[in-house]
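Peer 1: Task: produce atomic coordinates for the following.
(3 chains)
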Amino acid sequence: MSYQDLHDEDEVLFRPIYQTSRTFYVVVIALAAVFLFGLGCYIHQLFYGLGATGMDEPVSWAFYIVDFVFFIGISHAGTLISAILRLSKAEWRRPITRMAEVITGIVLAIGGLHPIIDLGRPDRILHLFERGRLQSPLLWDLTSVTAYFTASTIYLYVPMIPDIALLRDRGGKLHNFYRILAWGYKGTPRQKHALERAINILMVMVIPIAVSVHTIIAWIFGMTLQPGWHSTIFGPYFVVGAIYSGIAALVIVMVTFRKIFHFEDYLKEIHFRYLGTLLLVVALLWTYFTFAEFLTTFYGHEPAEMRVFLYKFIGAYAPFFWAMVFCNFLLPIVILSNKKTKTIPGILVASIGVVIGMWLERLIIIIPTLANPRLPYPTGMYVPSITELGIAAAATSAFVLGFMGFSKLFPLISIWETKEGREHSIHEVSMRLRDYLPGQRDEAGVEASVKAEI
Amino acid sequence: MPKYGMMIDLNKCTSCQACVTACKLENNVQIVSEDDAQNGRAMFWMKMLTLEFDGDYPNIRPKALPRNCMQCDEPSCIKVCPVRATYKRPDGIVAQIYPQCIGCRYCMANCPYTVKVFNWDRQAQPVQMEKTYDPDVSVRPKGVVEKCTFCIQRLQKASEKAAVEHRKLEPGDYVPACVEVCPVDAITFGDLDDPKSEVTKASRDYRAFGLLEELGTVPKVRYLNAIE
Amino acid sequence: MSDKKVFTIQLITLSFNWLLAIGVTWWFVHLVIIANQVKDAQTASLWISILAITVFWILAGVLSYVFFSLHRKEA
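Peer 2: Sure, this is the predicted structure:
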């Protein structure tokens, strides 16, 4: 019996690590080609300067910053699902948390690089360390993204230790790699307790860090004096948008890997339905924020603000704006509030819509404000160049590549948490439920009824 | 310490754009290619802003306004710069350190007047320009932000000259190129802290206003409204 | 691979986190000193530094706690 087939109860979850299909390599090569093209675009930009982009005088921030905000937004999937669901003891989180945390790690690394790509003089990046000025929101951003990346990587790694130990115990080619990473975990009660405690501290810590990251990104815009940006609502608005796109991205990732690696037994329709409900709630919250933001602007009717407002509603950016309204408001709310369409394909369509819509939202937040300065300058239309599109494509393919690489090293669904759910949580949840109800806690009775049910 | 400021009289200004040209020559501001200019990458430190048009075609009279850096006393560009590449000197001039700028363009995004320009690219300059290069002004590399500095090199020269002659800097020793070249003397320049200077007198005029003053940027370049 | 070698490599990976925490601290202290020298944005620098340094140290502390409690010999 080889290490690849130990007939574990959760063998399906181990299989992707040991078995690789040919399609996998084909996809990797295709994505690597896209990535190399994007890398080439960046090298071209390094030599040619930012002139290689489509940016111009009033629109001095464009695609890279849009992608930066978008990617960091996606990264909020990890925190929300894992930390909040773990904190609220939502039992259905078990097969979801790992993927959510992986999204955070990979996307943060990609998103965090975008401001550097956007620099006119990347060779002077060290000036930030040498003579940085902490009053600038860009430095807050650098700090909070680094903190979030560190926190979320630790938060991904620590709950993964028992799974790494399982992989180590199986042996195989990467035995030493897993041995190093498993940190000597043997599953003794004391080790379990320490791990649990660390996870508890981390999940409480990671929520404020995550909220701060997107608030600070919003503040990059909110702290300026520009019409359309200078708004107190921006911090929470960006956080809600980030969570919104994060859940949508998580659903897409889950559906994809469910199909490829046959996780149907683990990611059931009920998980998607719960995530769909969460998505619906955040969709309504996002709509509320958007409505509040635009209504106050319109009612106040300040000329500079109105120029930006009209540029979005009926001007050059109207197609993007109304596409965003469709993708972020109409589509998800219609699909998710209807029981007939709230199926896995339906939720997937809504999620794809939301991811596109949230990208458009970042676009229409950033560019119309820059395109309509306060003083009467001629406004130009911004058109991205091939360099910018190439780098955006490379960033997306790097995300998929990162995920594929991860799936070949570690299980995408937390195995120990699934086992724990099976072995302990049914009892624990019954006990908890008993505590919620009036009357005395009757351990023996609950135990008997649980046994009877199993 | 003086506090330099500027008053531009819109009654006198004829929108001849001499200041725009003089500024460009004085500060070695790059001349970009036609393509780039079409794409909105033309570089001007001093720029004519067309505010509105009076009258009906063909008898229109454009109302224009020469706009350089407002040299704000509360500059919003300085607040957001992550590397202290832009800073306010004790004499009130908001200057830019080109070798320190990392090109993040945050200051451009935060300037309510949109005065900052970015070197998207470095292009070969027309041969005819060779004779006009100003040796006192550094040529900016690509990838950095630049802006009007009230011709700070002229201040440098004037104060050095004054020091050699063992005297104090006097009003009129130092004026930016746009002030010097203006054929109708529409621009007054001087020390705002000196109650007797021409610029202080002009700033007390009832026609005086500052662009977007309501934002609290306290611009030191102010205007005298055009009144018939 | 011997146990000792594994442990050394593990210790090195853990030390990267401390390197980050110490690096960030050093960087922020440097920035606060510069802010003080040029008398520019001193209070903002100070408070942001205190906040950020705490976060990085707690994170490194949590990771070290996990490391050492996993490696502790069972009594």
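Peer 1: which residues of chain C score low on pLDDT?
Peer 2: Along chain C, the model assigns pLDDT under 70 to residues C:74-75.
Peer 1: For it, which residues are neighbours of chain A?
Peer 2: Taking Cβ under 8 Å from any Cβ of the partner chain, the part of chain C that reaches chain A is made up of C:1, C:6, C:9-10, C:13, C:17, C:20, C:24, C:27-28, C:30-32, C:34-35, C:40-41, C:44-45, C:48-49, C:52, C:55-56, C:58-59, C:62-63, C:65-67, C:69-72, C:74. (Each C-beta comes from the backbone N, C-alpha and C, glycine too.)
Peer 1: need the strands for chain B, in chain order.
Peer 2: Along chain B, the stretches classed as strands by DSSP state E are B:4-9, B:47-54, B:61-67, B:86-88, B:94-96, B:117-118, B:145-146, B:187-191, B:208-209, B:221-224.
Peer 1: does the spatially most central residue of chain C belong to a helix or a strand, and which?
Peer 2: For chain C, C:A21 is the residue whose C-alpha lies nearest the centre (Cα atoms, centre = their mean; 2.1 Å). Here C:A21 sits within helix C:3-37, counting by DSSP states H and E.
Peer 1: ok so, going back, among the residues of chain C next to chain A, which are within reach of chain B?
Peer 2: C:D40.
Peer 1: Could I have the PyMOL command that selects the buried members from the residues of chain C next to chain A?
Peer 2: To isolate the buried members of those in PyMOL, using 16 or more other Cβ atoms under 10 Å in any protein chain shown:
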select buried, chain C and resi 6+10+17+20+24+27+28+31+32+34+35+40+41+44+45+48+49+52+55+56+59+62+63+66+67+69+70
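Peer 1: related to what we said a few turns ago, can you give the distance of the helix holding C:A21 from its chain's centre?
Peer 2: Centre-to-centre, helix C:3-37 and its host chain are 5 Å apart (Cα atoms, centre = their mean, to the nearest Å).
Peer 1: One more: stretch A:73-85?
Peer 2: Averaging C-alpha positions (Cα atoms, centre = their mean) puts stretch A:73-85 7 Å from its chain's average.
Peer 1: can you list the weak-confidence ranges in chain B?
Peer 2: Residue ranges of chain B with pLDDT under 70: B:53, B:61-62, B:228.
Peer 1: so how far is chain A from the residue positioned nearest the centre of it?
Peer 2: Taking Cα atoms, centre = their mean, the centroid of chain B lies closest to B:N68, which sits 3.3 Å from it. Counting by Cβ to the nearest Cβ, to the nearest Å, the gap from B:N68 to chain A is 12 Å.
Peer 1: Does that residue touch B:C148 like I think?
Peer 2: Yes: between B:N68 and B:C148 there is a contact at 4.3 Å, judged by Cβ atoms under 8 Å.
Peer 1: Please, which helix or strand holds residue 47?
Peer 2: Let's take chain A. Counting by DSSP H and E, the element that carries A:F47 is helix A:22-48.
Peer 1: let's do chain C instead
Peer 2: Following DSSP H and E, one finds C:W47 within helix C:42-71.
Peer 1: Centre of the chain to that helix, how far?
Peer 2: Per Cα atoms, centre = their mean, the centroid offset for helix C:42-71 relative to its chain is 6 Å.
Peer 1: Also stretch A:284-295?
Peer 2: Remark: stretch A:284-295 is offset 22 Å from the chain centroid, using Cα atoms, centre = their mean.
Peer 1: Going by neighbour count, which residues in it are buried?
Peer 2: Residues A:285-287, A:289-290, A:293 are the ones in stretch A:284-295 that count as buried (16+ other Cβ under 10 Å).
Peer 1: Report the two of the residues you listed separated the most.
Peer 2: Farthest pair in those (Cβ to Cβ) is A:L285 and A:E293. Separation: 12.7 Å.
Peer 1: Show me what the mean pLDDT comes to for stretch A:202-219.
Peer 2: Averaging pLDDT along stretch A:202-219 yields 90.
Peer 1: Give me the contact status of it with chain C.
Peer 2: Yes: using Cβ under 8 Å from any Cβ, we find that stretch A:202-219 touches chain C at A:202, A:205, A:209.
Peer 1: on that earlier part again, now do the helix holding C:A21: which elements does it pack against?
Peer 2: If contacts are counted by 3 or more Cβ pairs under 8 Å, 6 or more residues apart in numbering or on different chains; DSSP states H and E, helix C:3-37 sits against helix A:127-131, helix A:137-157, helix A:175-182, helix C:42-71.
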